[in-house]
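Engineer: Sequence first, predicted coordinates after that:
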Number of protein chains: 2
Amino acid sequence: MKITIIGLGLIGGSIARSLKRSGDYFITAIDNSEQVLLDAISAGVIDRKASVYDLSDSDVVYLCVYPDAALEFTEKNKALFGKNTVVTDVCGIKTYIYPKLKSIADEMGFTYIGSHPMAGKEQSGFTASDAGLFFGASYIIVDDGSDKRARDVLEQLALTMGFGKIVYATSEEHDKAIAYTSQLPHVLACAYVMSPMCEKHGGFSAGSYRDVSRVANINAALWTELFISNREALVSEINTLISNMENIKEAIEKQSTENLSALLTEAGDNKRKYGRFAGGMINGNQN
Amino acid sequence: MKITIIGLGLIGGSIARSLKRSGDYFITAIDNSEQVLLDAISAGVIDRKASVYDLSDSDVVYLCVYPDAALEFTEKNKALFGKNTVVTDVCGIKTYIYPKLKSIADEMGFTYIGSHPMAGKEQSGFTASDAGLFFGASYIIVDDGSDKRARDVLEQLALTMGFGKIVYATSEEHDKAIAYTSQLPHVLACAYVMSPMCEKHGGFSAGSYRDVSRVANINAALWTELFISNREALVSEINTLISNMENIKEAIEKQSTENLSALLTEAGDNKRKYGRFAGGMINGNQN
């Protein structure tokens, strides 16, 4: 099976590494950095550099670049994708990108399905990529169901990469959920470390500082694009969060033990009822 | 060396377990639950139940109960503490409790020093206690320096428990820092899981959901007391955070790539510059 990866960053590199672990894939890749390609070859993570002519006979092409770059690449090379090639992206937003890529695919007669591997790291680039990144995580597929075979191919590959769960969603469902589960925590982490107290945390911090601030080590260019592309759903979640914080603040200011305790109890109940995330890494345990 | 622990919950139980690991301590304890005391004895975590008469000949007494309960216990039994006994609390707030306990100690002629083990878990009670809870964490001491020997005793015990760092602070410094590093993340986590989207996170969430929501599994009674006791510093940090979130939100709403990217870059720089928390558990790695 021939796989071509466009962009060997954290996600593209991890896809290559996790597939190569099984040994059965011939993997080619395109990247802006010649050095990254050479490193990936010498590490045995890809078989060789790809050219755009590899798009025609690849079984699957993974677009692992930022949303606008994925659109641009596909538009520019749309005539080169093979009729049997399954093209998918890995972008963290879907309403912005799915209809555009789908329409190019329909126009040119190749198959496109959207996907979003729900895994990442607060580091980026090929050096941060990891064959175990996807263990137990969710693989979200956004698709109109027109090509059952292509779905099966992507599902099988996702399971081979180590994903623990395949989830189907519409673009809209995806973006609304991701605004809450992923984008909002990134906004929060950034707002949190902008407090003047941040520089004084040493010696006074433990697990809850670590966890809230972790993803503040953010890839600003990527997340700027993601936040703005999903602004409606994200702003709505930011407003909900601020309003919930205002309620807790009011109870604290009024020293209302009863109201505050009721709010915290509700929060604790939600956390216990709706549970942990879908899979993967184990928690640390320091508050 | 004889140690008496008042309250065998998460922290008291972990103190007993981590000291017992070294084998050199005779540990007695008081707890509201007879069952917890029996469990602790049969697990070899304490040597026997304590009575208030053990307060007179203990080398160290750890008050491991909620702030108001620590005050009440100390006031009620103030005549029973030995002149050579070092009494310390483990409360997460200090301006509220330190002067009161210090004044009782000065009145009665025993030594009191405030302390705050910077470690915890999103679970509570003796069953959650853990001999490794304190590994690499900070042990904060609040003290006027009047009894050097007592300081040394507490420091040595903290190192035996596995703490990685001893930090001195005034009550005010402590409470201001803790409002940011510990209380604010707990407020955030609770506000976060109160979104109507929380119940739909399954399949769409990964590490950043996990990390922001972790401590929402909160002990409502304890944190209600802690938040209200430290309301001034905490409300100030909540306001700073809301204001930082409003700035990010505004850049997203205006689709200002330049402003948003500048804010995220500043956040990322802060995170990298001011670094990780002081010690302990390793990060997970899923966004």
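Structural biologist: Here it is on my side, so go on.
Engineer: For stretch A:266-283, what does the pLDDT average out to?
Structural biologist: In this model, stretch A:266-283 carries a mean pLDDT of 68.
Engineer: Same question for stretch A:76-85.
Structural biologist: If you average the pLDDT values across stretch A:76-85, you get 96.
Engineer: Quick check: phi and psi at the closest residue to residue A:241 other than its chain neighbours.
Structural biologist: Using CB to CB, 6 or more residues apart in numbering or on different chains and skipping residues adjacent in sequence, the residue nearest residue A:241 is residue B:191, 5.5 Å away. Using the backbone N, CA and C atoms, a C-beta is placed for each residue, glycine as well. When read as degrees, to the nearest 10, the backbone of residue B:191 gives phi -60, psi -40.
Engineer: List the contacts of residue B:191.
Structural biologist: Contact partners of residue B:191, counting by CB atoms under 8 Å, 6 or more residues apart in numbering or on different chains, are A:241, A:244-245, A:247-248, A:267.
Engineer: Show me where the stretch 51-200 of chain A has its strands.
Structural biologist: For the stretch 51-200 of chain A, the strands defined by DSSP state E, counting those that start in this stretch cover A:60-63, A:86-89, A:111-117, A:138-142, A:165-168.
Engineer: For chain B, what is the nearest residue in the stretch 101-250 of chain A?
Structural biologist: Nearest to chain B, among the residues of the stretch 101-250 of chain A, is residue A:120, at 2.8 Å (CB to the nearest CB).
Engineer: burial measure for that residue, as a count.
Structural biologist: As a burial measure, residue A:120 scores 24 neighbours (other CB atoms under 10 Å in any protein chain shown).
Engineer: From residue A:15, how far off is the closest residue in space to residue A:113 that isn't next to it in sequence?
Structural biologist: Leaving aside its chain neighbours, residue A:113 sits nearest to residue A:143 (4.5 Å; criterion: CB to CB, 6+ apart). Distance of residue A:143 to residue A:15, given as CB to CB, to the nearest Å: 18 Å.
Engineer: of the two, who's got more company?
Structural biologist: For residue A:143 and residue A:15, the more surrounded residue by other CB under 10 Å is residue A:15, and the numbers stand at 29 against 22.
Engineer: quick one, phi/psi of that one?
Structural biologist: With angles defined as degrees, to the nearest 10, residue A:15 sits at phi -60, psi -50.
Engineer: again, but for residue A:195
Structural biologist: Its backbone dihedrals place residue A:195 at phi -70, psi 140, with angles given as degrees, to the nearest 10.
Engineer: any idea where the helices of the stretch 101-250 of chain A begin and end?
Structural biologist: Secondary structure of the stretch 101-250 of chain A (DSSP state H, counting those that start in this stretch): helices located at A:148-161, A:171-178, A:184-193, A:207-213, A:220-229, A:231-253.
Engineer: Spell out which residues of the stretch 51-200 of chain A are next to chain B.
Structural biologist: A:118-122, A:130, A:133, A:137-138, A:140, A:165, A:167, A:169, A:174, A:176-182, A:184-200 (CB under 8 Å from any CB of the partner chain).
Engineer: okay, and for chain A, where does confidence drop off?
Structural biologist: Across chain A, residues meeting the criterion (pLDDT under 70) sit at A:275-287.
Engineer: Fine by me, thanks again.
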